[in-house]
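Asker: here is my input, please return the structure:
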Amino acid sequence: MRGSTETPAWLIVTQREIVARVMNKAYLFGLLVTILLIAGIAGFFAWQGQQVDSYDVAVTAGDEPAASAVERAAATLRESGADDELTAHEVPDAAAARAALEDESVDAWLSSGGQDGWTLSSWREPDQGLASLLTPVVEQVTVTEHAAALGTSFDRLAAGGDLVTERLDGDDVDPGVLQFASFALAFLFFMGSIGSGQMIASSVVEEKQSRLVEIIASAVPLRHVLAGKVLGNSVIALAQNVVLASVGLIGLALTDFKAAVPAMTASLGWFVVFFAVGFVAIASLYAMAGSLASRTEDLQGTTAPMAVLLMAVYLTTFGADGTLERVLSFVPVTSIVSMPVRVLSGDAGWWEPVVALVLLAAFALAVVLVSEKAYRRALLQTSGRVGWRQALRA
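Answerer: The predicted model follows:
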């Protein structure tokens, strides 16, 4: 007789699935590669953002306008707080400037040119960043000289010409961040779902092909076996996504988009909740797909519809916006990605994630009930591949 302290069968299966996955070297290697890939990409962008551009600009002796322009541009950089550096190097004449460009002791040569205008010369193609930095300063120096000749000043001529920026779309998050979040969440969903799903299906068909399931079925109700497999792999898939998301957030905090980290954290919190509920349905379907196969070779056929479904979710949610994104955020499975993105953008009301989560939970419950019935009825049929309609009628 079973004692009251005996461990439930479904919990034993859950623990077994978790241990089996954690001890799987191929899975751990793949997870490590993914973590290193994400960390490497984040590290590259962080390194790139910390690079300092240093410009050395030659000006000839006596070319006061050019020297003034370079000094003003350097002062503008310092006032803006940028890490870039701009330094003026005085040379005796034009020949010395050309020699400095040729031996690459300077990056460019700025000359005012008098009535013929200004020239920024480089030995090769002039740096566009430097040109963009010097252009407004050159214009200011030129206008100042002309204003002095007319008996006025640059400030009086430029009065009323200040430009202020204003954002009218009302969005709190930059569209680039939203697009990145859409891609990242769709990627996490796809990788977590298809990777863990295939593992469930493979585990089921291996036990069926080796006839081990017949021994298990004689001691444990099959619905307990299914529950353990679904819960165990759900824990693994969820933990995997939390780890990858955490690495991504740490990397994001090291880039120019670090201001978006708090909003991204809230969005990822909703994603974790939605994924935890939705993956139960996906895992149940993969377990059913494994039970329909009699051999490992049959898995490609029985899991193909799931792979197509997951790919469709990935492609439709990545980059969706407007009305399409609003609709997808309430549709079970696609809501796992679309609703957290809408939460990030500030477009979703407080009640919308709750409604979408209830719809997803109802869908998951229905899928689990149907999958459980087909799983139990197909698992012990070893004569050949079983169709899902046949399994439900068995």
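
Asker: phi first, then psi, for the closest residue to Glu104 other than its chain neighbours.
Answerer: Excluding the flanking residues, the one nearest Glu104 by CB to CB, 6 or more residues apart in numbering is Trp123, at 6.9 Å. C-beta: built from backbone N, CA, C; applies to glycine. Main-chain torsions, Trp123, degrees, to the nearest 10: phi -70, psi -30.

Asker: quick check, Phe318 in contact with Ala181.
Answerer: No - counting by CB atoms under 8 Å, Phe318 sits too far from Ala181 to count as a contact (10.4 Å).

Asker: hmm, back to that, neighbours of the residue nearest to Glu104, just the number please.
Answerer: Neighbour count for Trp123, taken as other CB atoms under 10 Å: 15.

Asker: sorry, back to before: more neighbours: Phe318 and Ala181, which one.
Answerer: Per other CB under 10 Å, whichever of Phe318 and Ala181 has more neighbours is Ala181, with 25 against 19.

Asker: next up, the contacts around the more buried one.
Answerer: Applying CB atoms under 8 Å, 6 or more residues apart in numbering, we find Ala181 in contact with Met264, Ser267, Pro340, Val341, Leu344.

Asker: what is the nearest of those residues to Pro8?
Answerer: Among these, Pro340 lies closest to Pro8 (CB to CB), at 33.0 Å.

Asker: tell me which helix or strand that closest one sits in.
Answerer: If you go by DSSP states H and E, Pro340 is part of helix 335-345.

Asker: could you list the alpha-carbon positions for that helix in CSV?
Answerer: The C-alpha trace of helix 335-345 is given here as CSV (Å, rounded to 0.1, in the frame of the first residue of the first chain):
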residue,chain,number,x,y,z
SER,A,335,0.6,36.5,-27.7
ILE,A,336,3.7,35.0,-26.0
VAL,A,337,5.9,37.4,-28.1
SER,A,338,3.5,40.2,-29.3
MET,A,339,2.0,41.2,-25.9
PRO,A,340,5.3,41.7,-24.1
VAL,A,341,6.5,43.9,-27.0
ARG,A,342,3.3,46.0,-26.7
VAL,A,343,3.9,46.3,-23.0
LEU,A,344,7.4,47.6,-23.8
SER,A,345,6.1,50.2,-26.3
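
Asker: run the chain-centre distance for that helix.
Answerer: Centroid separation between helix 335-345 and its chain, computed with CA atoms, centre = their mean, to the nearest Å, is 13 Å.

Asker: not counting sequence-adjacent ones, nearest residue to the spatially most central residue of the chain?
Answerer: The centre of the chain sits closest to Ala184, judged by CA atoms, centre = their mean, with a distance of 2.7 Å. Nearest in space to Ala184, with sequence neighbours left out and distances taken as CB to CB, 6+ apart, is Gly248 at 6.2 Å.

Asker: quick one: buried residues of the helix or strand encompassing that neighbour?
Answerer: Taking DSSP H and E as the definition, one finds Gly248 inside helix 222-253. Under the neighbour-count criterion of 16 or more other CB atoms under 10 Å, helix 222-253 has 222, 224-238, 240-242, 244-245, 247-249, 251-252 buried.

Asker: which elements pack onto that helix?
Answerer: With contacts defined as 3 or more CB pairs under 8 Å, 6 or more residues apart in numbering; DSSP states H and E, the packing partners of helix 222-253 are helix 9-22, helix 25-49, helix 175-209, helix 212-219, helix 261-292, helix 351-378.

Asker: and stretch 18-38, what's buried?
Answerer: For stretch 18-38, burial by neighbour count (16+ other CB under 10 Å) applies to Ile18, Arg21, Tyr27, Leu31, Thr34, Ile35, Ile38.

Asker: taking these together, which two end up most distant?
Answerer: Farthest pair in these, by CB to CB: Ile18 and Ile38, 23.2 Å.

Asker: for Ser210, what are phi and psi?
Answerer: Reported as degrees, to the nearest 10, the phi and psi values for Ser210 are phi -90, psi 0.

Asker: mind checking how far Thr135 is from Asn233?
Answerer: Distance, Thr135 to Asn233, by CB to CB, to the nearest Å: 59 Å.

Asker: check Val138 too.
Answerer: Counting by CB to CB, the separation of Val138 from Asn233 is 64 Å.

Asker: what sits against the residue nearest to Ala184?
Answerer: Per CB under 8 Å, 6+ apart, neighbours of Gly248: Ile38, Ala42, Ala184.

Asker: doesn't Leu380 fall inside a strand?
Answerer: No - checked against DSSP: H, G, I helix; E, B strand; the rest coil, Leu380 lies outside a strand; its state is coil.

Asker: if we can go back for a sec, pLDDT check: weakest of the contacts of Gly248?
Answerer: When these are compared on pLDDT, Ala42 comes out lowest, with 75.

Asker: pretty sure that one sits against Ile250.
Answerer: Yes - applying CB under 8 Å as the test, Ala42 and Ile250 come out as touching, 7.3 Å apart.

Asker: pLDDT on stretch 254-270, on average?
Answerer: The pLDDT scores in stretch 254-270 average 79.

Asker: hang on, I meant stretch 123-130
Answerer: 82.

Asker: still on that earlier bit, mean neighbour count, the helices and strands packed on helix 222-253: which tops it?
Answerer: Among the helices and strands packed on helix 222-253, ranked by average contacts under mean count of other CB atoms under 10 Å, first place goes to helix 261-292 (a mean of 23).
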